[in-house]
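**Q** Okay, sequence plus prediction incoming.
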Amino acid sequence: MAVDFTLLLTELAREFDQQAGEGARDNFLRKVGHRIACRVTLPVCETLLNLELEMNVQLAMLGWGQTRLFLDETQACLRLTHKDLPLLGSTGTLSGRWLTACLAGLYEQWLMDQPNATENCRVTWVSQTSSTALESLQFEYGLNRTTTGCSLRQDD
């Protein structure tokens, strides 16, 4: 019989949200994502296509969906579109949103670990409230808009 931790994780999410609040939760889960990325590492990737493929191999192993990468040179950022993240949330939080910060931390660490990564780049996401937003999550990896972009290059 397979063990199901859904109830435990849902109640943990509720209690964490109630006691710590959304900001503390997101910071905590981002750090958890960093730790997961250190355990589930990516090889050095020379192209965005390679990086996308390697990320999807690891995401599939985790059962966490898949991603598409797009280099937005006009905004100096890497855009990540993620689909099929497991649904987990606490009361008052759209189901699935609770793992968004964890996924952001995972992506952030994977990208920081690539050679020639620019320091101080962060993964951010747009909070979406509609039920259709669960179909895909949008992330950006880059510096803030007042500085130059992170060092990433499009596939040759």
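**A** In hand now; what should we look at?
**Q** Tell me where this protein has strands.
**A** Secondary structure of the chain (DSSP state E): strands at 66-72, 77-83, 122-125, 136-142.
**Q** Relative to E11, which of those is closest?
**A** Nearest to E11, of all those, is strand 136-142, at 23.6 Å by Cβ to Cβ. Using the backbone N, CA and C atoms, a C-beta is placed for each residue, glycine as well.
**Q** Touching that closest one from outside, list them.
**A** Residues from elsewhere that reach strand 136-142 (Cβ atoms under 8 Å, 6 or more residues apart in numbering): 72, 75-83, 85, 100, 103-104, 107-108, 111, 121-126, 128, 149-150, 152.
**Q** Among these, the buried ones, what's the ChimeraX command?
**A** Burial among those is assessed by 16 or more other Cβ atoms under 10 Å; the matching ChimeraX selection reads:
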select :76,77,78,80,82,85,100,103,104,107,108,111,121,122,123,125,128,149,150,152
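**Q** on that earlier part again, let me have the strands of the chain in TSV, adding mean pLDDT as columns.
**A** Putting the strands of the chain into TSV (pLDDT from 0 to 100) gives the following:
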stretch	mean pLDDT
strand 66-72	96
strand 77-83	95
strand 122-125	92
strand 136-142	92
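**Q** wait, which of those is closest to P43?
**A** Comparison of those against P43 by Cβ to Cβ identifies strand 66-72 as nearest, at 15.7 Å.
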